[in-house]
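J.: 3D model of this:
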Amino acid sequence: MPNKFIKPLIMVGLLALLAVILYLTYWLIGIDVITMGQLERGLSRRGARVVAMIVVAFTMGITGLFFQTLTQNRILTPSVIGFDSTFVLAQTLIVFMFGSSTVLIANPYYNFILSTLVMVFSSLLLYGFVLKKGKNNLALLLLVGLVFRTLMGSLTSFLSRIIDPDDFLVVTSRSMASLTNMNTSILWYLALPILVIMIILMAKDTKSFDVMNLGEDQAKSLGVSYYKLMNRHLVYIAILISVSTALVGPLMFLGLITVNLARELLKTDYHKPLLWMSSLLGVVFLVLGQFILTTFNLNTSLATLINLVGGLYMITVLVKGEKQA
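T.: Purely as a prediction, here's the structure:
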């Protein structure tokens, strides 16, 4: 990795580390006496939340970066065009068909595996076809994403209204983005190992994706198996979005913000430094943002703020692009 990328990566990494330390230890200030049991419980609970936020930050950064290369567009991410809506619909369908007491809901591992399979199948079926036909057509991609997200949301809402009220509460808890009520039951033995494996697999293809930035024809002429890579990484992206959504619910614009900010900071299109920078920025946004909200008792949700800022940013980019055109 070139030296010009090392300094900004170290600076953002130190900021992320500072955010983690503050989140883990600030609650100790003002406590005169604390027992080892209290310290262990406090650090354990907050430690699990921090690790979950780091996992989410990395999944959003990585999937956003690689998906933008697949679509040849810098304002599209998997969440923007509805990947996480598929996961939420899968949860609703399971509850609708089998009830909230089914083992497919009660067992977080079975639930995650089934929902992920649904996401992988739908992403290959729908987005694989759309990307082949119109990856350079921004209007088509946005339209498909809007229709798909709206359709998934409408189906989820319809099913939620006709199921049992107790089942409805289960669906609601799984479809609302929350960084304070995380599903950490899958964190250590499922989400974290999957993230590590996906990072290794996707990092191996960063050079091929650097070539894909040149365009499909140029990439093919340079020996890149374009559609093979695209289909494989659609599967990887679907799996990672499943991890993120299962942990904290849908976060629509986090990947859009972190990836584009990483591009602005590094001024490059190389995937390896962008992968780490966008992931570290995600850690800063999530951990530092949650620390600020918790410390100052701000009565709002970090997910709501992220979606607000991301939506405004997306509108700004679209307007700026039209003016340049």
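
J.: Not counting residues beside it along the chain, what's closest to residue 26?
T.: residue 295 (6.2 Å; C-beta to C-beta, 6 or more residues apart in numbering). Just so you know, the C-beta spots here come from the backbone N, C-alpha and C atoms, and that holds for glycine as well.

J.: And residue 293, by the same measure?
T.: residue 302 (5.8 Å).

J.: circling back: okay, now the residue nearest to residue 26: neighbour count?
T.: By the criterion of other C-beta atoms under 10 Å, residue 295 has 13 neighbours.

J.: coming back round to it: any idea how far residue 80 is from the residue nearest to residue 293?
T.: According to C-beta to C-beta, to the nearest Å, residue 302 stands 18 Å off from residue 80.

J.: who's more crowded, the two?
T.: Using other C-beta under 10 Å as the criterion, residue 302 and residue 80 rank with residue 302 on top: 26 against 23.

J.: ok, that one touching residue 290?
T.: Yes: using C-beta atoms under 8 Å, residue 302 is in contact with residue 290, at 5.5 Å.

J.: shared neighbours of the two, which are they?
T.: Jointly contacting residue 302 and residue 290 under the rule C-beta atoms under 8 Å, 6 or more residues apart in numbering are residue 179.

J.: any idea which element residue 91 lies in?
T.: Taking DSSP states H and E as the criterion, residue 91 maps to helix 83-98.

J.: Tell me where the stretch 1-150 of the chain has helices.
T.: 3-25, 36-71, 83-98, 103-106, 108-122, 128-134, 138-162 (DSSP state H, counting those that start in this stretch).

J.: right, so of these, which gets closest to residue 253?
T.: helix 36-71 (9.3 Å; C-beta to C-beta).

J.: Which elements pack onto the closest one?
T.: Contacting helix 36-71 under the criterion 3 or more C-beta pairs under 8 Å, 6 or more residues apart in numbering; DSSP states H and E are the following elements: helix 3-25, helix 192-203, helix 206-212, helix 226-248, helix 254-266, helix 271-283.

J.: from those, which stretch is densest packed?
T.: helix 271-283 (a mean of 24; mean count of other C-beta atoms under 10 Å).

J.: neighbouring contacts of it?
T.: By C-beta under 8 Å, 6+ apart, the surrounding residues in contact with helix 271-283 are 1-2, 5, 8-9, 12-13, 15-16, 19-20, 53-54, 56-58, 60-62, 64-66, 69, 202-203, 206-207, 209-210, 254-255, 257-259, 261-263, 265-266, 268.

J.: Appreciated, that's everything.
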